[in-house]
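Visitor: Please work out how this folds:
(chains A, B and C)
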Amino acid sequence: MTSMVEVHGLTKIFHHRRGLHAKDEHRAVDDVTFSLDRGRTLAVVGESGAGKSTTARLVLRLIEPDAGTIHFDGTDLLALSSADMRRQRRRMQMIFQDPYSALDPRITIGHSVAEPLKVHFHMNRSDREQIVARLLGRVGLGQHHLERLPSELSGGQLQRVSIARALTVDPLLIVCDEAVAALDVSIRAEVLNLLLDIQEERSVSYLFIAHDLAIVEAFADDVIVMRNGAVVEAGPIGDVFTAPTSVYTKELLAAIPVPDPSQRRGNAPRDEPAVVR
Amino acid sequence: MPSTVARVSPSPLTRAQSDALLSVEDLCVAFPMQRDWINVVEDVSFHVNRGETLGLVGESGSGKTVTSMAVMGLVPAVGGRITGGRVRFDGRDTTNLDERAWLGIRGRRIAMIFQQPTRSLDPAFTVGDQIAETVRAHLKLSRREAWDRAVSFLDRVRIPIAAKRAHDYPHTFSGGMCQRVMIAMALACEPELLVADEPTTALDVTVQSKVIELLQELRREMNLTIVYISHDLGVVAEICDRVAVMYGGQVVEVAPIHDIFERPRHPYTQGLLDSIPKPGGGKRLLAIPGQVPAPTQLPSGCRFHPRCTFVDSGVCPTTQPAMVDFGTSHRARCLRAEELDLPGIRR
Amino acid sequence: MTELELLPATGTETVVVPAVATRRRSRHRIISHFLRQPIALAAVGFLILLATVAVFAPVVAPYNPNHSDLLAIYQPPGNGHLLGTDEIGRDVFSRLIFGARTSLLAALEALGVSISIGLLLGLAAGYYGRRLDTTLSRITDALMSVPPLILALAMVAVLGPGLPKAMFAVGIVSIPRVFRVVRAAAIDVRHRTFVEASVALGCRNSRVLFRHILPNSLSPLLVVISVSMGTFVVAEAGLSYLGLGVQPPTASWGGMLAEASHRLDLQYLIYPPGIALALTVAAFTVVGDTLRRAIGARPGATRA
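Guide: Below is the predicted model of the structure:
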């Protein structure tokens, strides 16, 4: 198997109790199949409720699927015991959407970044500290950030801390769950560039969950479009974005606001009245 | 190519502004921080003419929300204080207006819609009740008339089976639908000015597209004037006639929509345009290095200079730039604005 | 960097505060809240004084509290006895001081019992949820319906009298209070992203619980601790008054009140232990209340 991640028929059904006896079924993820190769980026796009985040969590086995298989670097994840699964987690990390709540507010940056090392390796303190310091520098933060608490850093900086934390154990896969959605526009670019650099250096694969299609187009290699839990279209970015086959994909692409006033769909802009009082 | 470039002092009250529905002049707003009152908005000036849509663009820390609070007279309510300048609505100075006077303006002549529609509606009351209540408070209509008006506006914002849905509670509406309800509530008293604070940021892209369409239609029908706050330049390009770009509590550029995108004058505006991913633009995005300064730690001289690619280390760190006028109502706050030739969105 | 956050304020308007102003270490905020309230400061001062007196009782007390001078019974204040003597000639002031020691130790014992068990159970119920939660919640609900003094009576009947056993009973009965608060905090914290992040990193459940959930669930517990200490002090006094707690000749405020009830005409016997009790309970309550307000004043304060 050359693929890093191979997912077949992944399904997750949530049950909601309605009233005393009725039970509602909600197919959050419905028979989803895809694969992701080493060093490539697969984007998962769709609107809210499409099942993107649930899919990401299933791939990492943070939630148990109801059906389907997940193979990570040849290993069948669903066949692993919980102890073995925990060991596997070393190789698959996640960056979350909200940088402010992704780090324990009571733990300093240095300790947060060091945590994966503490969990997975037996290392002495100075080795650990060296790795942490090096990675903080790699993501563009300074040594003085080691002793800070998350509340003292900005959203962009916190997201970089999360990236540093993910890198400490040299994972093969990083799942980015709307990793830049909560950041300012000008900060997004920096974080995305950092992710690209890291991918080039280490051949990390990214599973990139996003709803912002413009970013996805620039950043990803392949894409799957999800709607109501199912995959409606999949393929290389260029193909899907220039020649979408699914009606839904076409709708999505048409709805993206273009940052170019000469291509307005609505009326032409009003000029400043040249009225002189 | 502008033929005349004039250096204007920081109180530009041009001829067109005296016609404006909303005029903000040298506004300064301060909040208590670190045992002192620190300005989070400084020397902000812009105007909006009747029927126009002005985009107020900026990232976090730019001061755009505080500015909108000042327009609504809500600065004291949020713990701040206007420390300089003035706000004029329809010729009347509202800067120090007391609450009683504001009651006749806020909600009636100036309305506001917010970012999180599901959180802005009271979950304990039906949608129809909430709109009718606003209408009765401002328009002195009977219960029956107010309810009818509420239903008619729900219909106008394209809520299907409005008469029935008016009896439903907010939690039965999706995000996009809630935003439409908010718009109905804001417009039911037929205000002259609508302040929209990132109304579509929390919505899905297809929903956003429909809401923007709706706003454009209503704007035409009701001759609305809109101040549209957003960080999304795509949406701004779609809906705005003019744009004011804010950074670090100041307005750094004001220009008609085409100029902002094609012929910006301020490096920050250019930076914002550059950081938008473009199809065929390759993977790497152009970023603005560094981060927005906190109001308590503003750089000396130009507030943007530590992050500026065009910085002139001779003047920029030491001199605070004033607004430079480029004619055709295009102003930029940059010491090098005249000499720079920025490419705009087509890099 | 500074984003305006909308917070629900105490009034009807929403309060928007520049985030820069609110990002201070929580400890400093709590301390500054205390510094702003003189009553709270007085309460803290009183408790520190009380604790010091209790610890250094042998040094501070002028007499041995159990030394009885039968020639000087029922002496009013004066003549070398600051607060007079009791029915067998023991110095009231010294007994008051040693009584403080008894009260605080007893309260600490009950606190220790209720916290050690309540904390663990609350964390487990909050984190694991479902059946474990249901079971533990039912059990603690049942425990809450038991009146503390009745249980203490029962324990004394079974195990014999003595303050430690009685306070153990009081501690057991107080478990639900701790359990509920910790469970609620754990449920709240459990849903936060960094907890999911720890699991995704590969942390064991025990690590997630003790390294992440526990520290973030503690601040509501501070309020419970403070108020409970007041309750425990009263419980000890009550038990000792009834003769179920401290055994003579050990000094205890409750015991002193019991003895004073034989001679209600001698007010100098009643007031000292009564006032000491009242002040102590008031101080704990004020501290607890101030803590509650200090914690509640923060943005996002429902999360620890």
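
Visitor: Surely A:Gly255 and B:Ser209 touch.
Guide: In this structure residue A:255 is Ala, not Gly. Yes - between A:Ala255 and B:Ser209 there is a contact under C-beta atoms under 8 Å: 3.9 Å. All C-beta atoms are positioned from the backbone trio N, CA, C, and that covers glycine.

Visitor: These two: who's more crowded?
Guide: Per other C-beta atoms under 10 Å in any protein chain shown, whichever of A:Ala255 and B:Ser209 has more neighbours is B:Ser209, with 22 against 17.

Visitor: Which stretches in chain A count as strands?
Guide: Assigned by DSSP state E, chain A shows strands spanning A:3-18, A:22-37, A:41-45, A:67-72, A:75-76, A:92-95, A:173-177, A:205-210, A:222-227, A:230-236.

Visitor: Can I get those in CSV including distance to chain B?
Guide: Below are these laid out as CSV (distance: least, C-beta to the nearest C-beta, whole Å):
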stretch, distance to chain B
strand A:3-18, 14
strand A:22-37, 15
strand A:41-45, 9
strand A:67-72, 25
strand A:75-76, 30
strand A:92-95, 17
strand A:173-177, 14
strand A:205-210, 11
strand A:222-227, 11
strand A:230-236, 13
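
Visitor: Could you point out which of those strands sits nearest A:Pro150?
Guide: strand A:92-95 (14.6 Å; C-beta to C-beta).

Visitor: what's in contact with that closest one?
Guide: Residues from elsewhere that reach strand A:92-95 (C-beta atoms under 8 Å, 6 or more residues apart in numbering or on different chains): A:56, A:59-60, A:72, A:102, A:116, A:159, A:162-163, A:165-167, A:169, A:171-177, A:179, C:197, C:200-201.

Visitor: Ok, stretch C:112-125 next?
Guide: So stretch C:112-125 is in contact with C:132-133, C:136-137, C:140, C:167-168, C:171-172, C:174-183, C:185-186, C:209, C:213-214, C:217, C:221, C:225, C:228, going by C-beta under 8 Å, 6+ apart.

Visitor: filter the residues you listed down to the ones near chain B?
Guide: Among the contacts of stretch C:112-125, no residue is within reach of chain B (C-beta under 8 Å from any C-beta of the partner chain).

Visitor: buried stuff in the helix ranked longest in chain B?
Guide: The residue-count maximum for a helix in chain B (DSSP state H) belongs to helix B:205-222. For helix B:205-222, burial by neighbour count (16 or more other C-beta atoms under 10 Å in any protein chain shown) applies to B:205-212, B:214-216, B:218-219.

Visitor: for the helix or strand just after it, packing partners?
Guide: Counting by DSSP states H and E, the element after helix B:205-222 in chain order, helix or strand, is strand B:225-230. Judged by 3 or more C-beta pairs under 8 Å, 6 or more residues apart in numbering or on different chains; DSSP states H and E, strand B:225-230 is in contact with strand B:36-48, strand B:53-57, helix B:64-72, strand B:193-197, helix B:233-239.

Visitor: can you redo the ones you listed as a markdown table with mean neighbour count?
Guide: Shown next, in a markdown table, are these (neighbours: other C-beta atoms under 10 Å in any protein chain shown):
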| stretch | mean neighbour count |
| --- | --- |
| strand B:36-48 | 22 |
| strand B:53-57 | 27 |
| helix B:64-72 | 24 |
| strand B:193-197 | 23 |
| helix B:233-239 | 24 |
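
Visitor: Out of the ones you listed, flag the one nearest chain C.
Guide: With C-beta to the nearest C-beta, the closest approach to chain C among the helices and strands packed on strand B:225-230 belongs to helix B:64-72: 5.1 Å.

Visitor: Spatially, what comes nearest to A:Ala179 if we skip its sequence neighbours?
Guide: A:Ile95 (4.4 Å; C-beta to C-beta, 6 or more residues apart in numbering or on different chains).
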